[in-house]
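Colleague: Got a predicted model here, sequence first, then my questions.
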Amino acid sequence: MNASRLDALVREQEQVERLDRETIEAIQLKKLNRLLAKERARAGFYREMPERLQSLGRLSDLPFTTDEDLAHHAGAMLLTSQSEIRRVLSDATSGTTGAAKRVFYSENDLERTVQLYMAGLGELIFPGSVTMIAFPFSGAFGLGELIADAVERLGARPIKAGPRLSYGELSALLEKERPDTFVGMPVQLLSLLRVCGRESLRRALVSGDACPETVLRGCETILGSSLFPHYGSREMGMAGAITCPAHVGMHLRENHVIAEIVDREGRVLPKGETGELVITTIGMEALPLIRYRTGDYTRILPEPCPCGCELLRLDSLRRGGEEGTMAELDDALFSIPDLVDYRITKADKGILIRAFSLGAEPERRIRKALGSHFAQEKLTIKCRAPRLSDRALYSGKRAILRAGE
Ligand SMILES: [Zn+2]
């Protein structure tokens, strides 16, 4: 089995012959200490932190960075000048205060993101192949644009589909362009495959949202190949961990990110135990973060990877803990083989589920698959077959919506 392409990329970026744990951790400590010294020298956001750590083990002594910090102090955290910023991503979700969380990227940050995409996509895309990209295209250095850049540099042709095409438009695109690979969100892929069929598609990289087991298996059964999940939050440059030929977990680009898993009280958990992922982004040039709580839950796989690469592997990720999440509901509901998509809205009067299904008696089957979920609530299910003019019921991350959203 070939080692993860990430292994070769990190060796090249760091100019080292071999990536064993000792080398990886030495690189991390060096970059972390460089960051701490810089922050002290410029009296930056992290100026109260020690100037250097003796070992990586001392990282857990440092305080966490939160979403609130990012919303209110991103300017103070910025390490480069404004003129060096090529892209800013902001959103309106920042807990209690309503301020927008912003993340800044320099040209080097975005170049390293494209390089990581090339390593991840290089496992499933070959020169001459055709790749359909279902992430948004939003102008220079947008997510779709960065992926398309990586696809082109691998000698393949990107098809810029975006996330908002109807099932009819998707069918026409599959027929005309004959893509062999898909890059997009997991449920988006499953819906596409269930409505339009596999057609020319053979392989897929999924990212941008949780990938529950039944969604993964559902896609793999129709595609006839194993998926390549990717994980990357905005705070780590939209690029973090990629699947290798062993298809067990995702190797993390550890020359860029130090990962810790913590329990609810913030104590570091040993390998193999599930908790919240905390990241220290030593490789980000514009906006490096120290011990940022991601709100994503996972574990670090304790066993060595059969591919031979020693970069840590993350298990699949779930947003916001383990109970009652959208991922858990997706896991339950997409076990219905002809369910195409559904959307959940919570209102004072109860729960509304709107769904597209290709099978008979969908309401009864959805109620059965829900099991004990929403057992205490008034549940309304509105289901019909998808039409060609319909599109996916979520255009971004899946979540239980509040009425009015
Ligand atoms: Zn591996």
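Modeller: Great, that's in hand. Quick caveat, the model's predicted, so the values are computed rather than measured.

Colleague: Which elements pack onto the lowest-mean-pLDDT helix or strand in the chain?
Modeller: None of the helices or strands of the chain scores lower by mean pLDDT, DSSP states H and E than strand 318-319, at a mean of 81. On a contact count with 3 or more CB pairs under 8 Å, 6 or more residues apart in numbering; DSSP states H and E, strand 318-319 meets strand 292-298, helix 326-333. Placement of C-beta: from N, CA and C, glycine included.

Colleague: ok, and for the next helix or strand after the last one, which residues are buried?
Modeller: So that's helix 326-333. Later in the chain than helix 326-333, the nearest helix or strand by DSSP states H and E is strand 339-347. Buried residues in strand 339-347, defined by neighbour count with 16 or more other CB atoms under 10 Å: 339-345.

Colleague: quick one: Asn33 and the ion, what's the gap?
Modeller: The spacing between Asn33 and the ion, counted by CB to the ion, to the nearest Å, is 28 Å.

Colleague: Isn't Ile261 up against Val268?
Modeller: Yes - with contact defined as CB atoms under 8 Å, Ile261 reaches Val268; the gap is 7.1 Å.

Colleague: ok, residues contacting stretch 114-126?
Modeller: Stretch 114-126 has contacts (CB atoms under 8 Å, 6 or more residues apart in numbering) with 4-6, 8-9, 13, 131, 146-147, 149-151, 153-156, 181, 183, 203-205, 228, 230, 232, 237, 239-240, 242-245, 253, 256.

Colleague: For the ion, tell me which of the residues you listed show up nearby.
Modeller: Near the ion, judged by CB under 5 Å from the ion, the entries from the contacts of stretch 114-126 are 4, 244.

Colleague: Any of the contacts of stretch 114-126 buried? List them.
Modeller: Buried members of these, counted by 16+ other CB under 10 Å: 4-6, 9, 13, 131, 146-147, 149-151, 154, 156, 181, 183, 203-205, 228, 230, 232, 237, 239-240, 242-245, 253, 256.

Colleague: hmm, who's touching the least confident helix or strand of the chain?
Modeller: Residues from elsewhere that reach strand 318-319 (CB under 8 Å, 6+ apart): 210, 295-298, 325-328, 397.

Colleague: For stretch 127-137, C-alpha coordinates in CSV please.
Modeller: Presented in CSV, the C-alpha positions along stretch 127-137 are these (Å, rounded to 0.1, in the frame of the first residue of the first chain):
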residue,chain,number,x,y,z
PRO,A,127,-4.4,13.3,-15.1
GLY,A,128,-7.2,13.5,-17.7
SER,A,129,-10.0,12.8,-15.2
VAL,A,130,-13.0,15.0,-14.8
THR,A,131,-14.0,16.2,-11.4
MET,A,132,-17.4,17.7,-10.4
ILE,A,133,-17.1,20.3,-7.6
ALA,A,134,-20.2,20.9,-5.6
PHE,A,135,-18.8,23.4,-3.1
PRO,A,136,-19.7,27.1,-3.5
PHE,A,137,-17.8,29.3,-6.0
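
Colleague: Next, the closest residue to Leu311 other than its chain neighbours: phi, psi?
Modeller: In space, Leu311 comes closest to His251 once its chain neighbours are excluded; the distance is 4.4 Å by CB to CB, 6 or more residues apart in numbering. Dihedral angles of His251 (phi, psi; degrees, to the nearest 10) stand at phi -70, psi 130.

Colleague: which ones are touching His251?
Modeller: Counted by CB under 8 Å, 6+ apart, His251 has contacts 4, 6-7, 241-244, 305, 309, 311-313.

Colleague: Could you rerun that using 10 Å?
Modeller: Contact analysis of His251 by CB atoms under 10 Å, 6 or more residues apart in numbering lists 3-7, 10, 119-120, 240-244, 301, 305, 307, 309-314.

Colleague: cool, and Arg157?
Modeller: 125, 127-132, 148, 151, 177, 179.

Colleague: Out of those, which end up buried?
Modeller: By neighbour count, with 16+ other CB under 10 Å, those hold 125, 129-132, 148, 151, 179 as buried.

Colleague: do you know how far whichever residue of the stretch 151-300 of the chain sits closest to the ion is from Glu377?
Modeller: The ion sits closest to Cys244 of the stretch 151-300 of the chain, with a gap of 3.3 Å, by CB to the ion. Per CB to CB, to the nearest Å, Cys244 is found 42 Å from Glu377.

Colleague: try Tyr105
Modeller: The gap separating Tyr105 from Glu377 is 42 Å, by CB to CB.

Colleague: ok, the two, which is more surrounded?
Modeller: Taking neighbours as other CB atoms under 10 Å, Tyr105 and Glu377 compare with Tyr105 leading, 26 against 11.

Colleague: and the more buried one, that one's in a helix?
Modeller: No - when DSSP: H, G, I helix; E, B strand; the rest coil is applied, Tyr105 is found to be strand, with no helix at that position.

Colleague: Is it bridged to anything, and to what?
Modeller: According to DSSP bridges, the residues that bridge with Tyr105 are Arg87.

Colleague: My guess is it contacts Arg86. True?
Modeller: Yes - Tyr105 lies in contact with Arg86 (CB atoms under 10 Å); the separation is 5.9 Å.

Colleague: any residues in contact with both of those two?
Modeller: Common neighbours of Tyr105 and Arg86 (criterion: CB under 10 Å, 6+ apart): 111, 141, 286.

Colleague: on that earlier part again, take the buried residues of strand 339-347 and write them to CSV, including distance to Glu220.
Modeller: Formatted as CSV, those follow (distance: CB to CB, whole Å):
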residue, distance to Glu220
Leu339, 17
Val340, 17
Asp341, 18
Tyr342, 21
Arg343, 24
Ile344, 25
Thr345, 30
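
Colleague: Just want the most central residue of this structure.
Modeller: Tyr231 (3.4 Å; CA atoms, centre = their mean).

Colleague: which residue sits closest to Ile125, ignoring its sequence neighbours?
Modeller: Ala156 (4.8 Å).

Colleague: Pull up the residues of the protein that are close to the ion.
Modeller: Residues of the chain lying near the ion (CB under 5 Å from the ion): 4, 244, 246, 305, 307, 309.

Colleague: So for the closest residue to Arg5 other than its chain neighbours, what pLDDT did the model give?
Modeller: With CB to CB, 6+ apart as the criterion, Arg5 has its nearest non-adjacent residue at 4.2 Å, and that residue is Ala119. Note on Ala119: pLDDT of 97.
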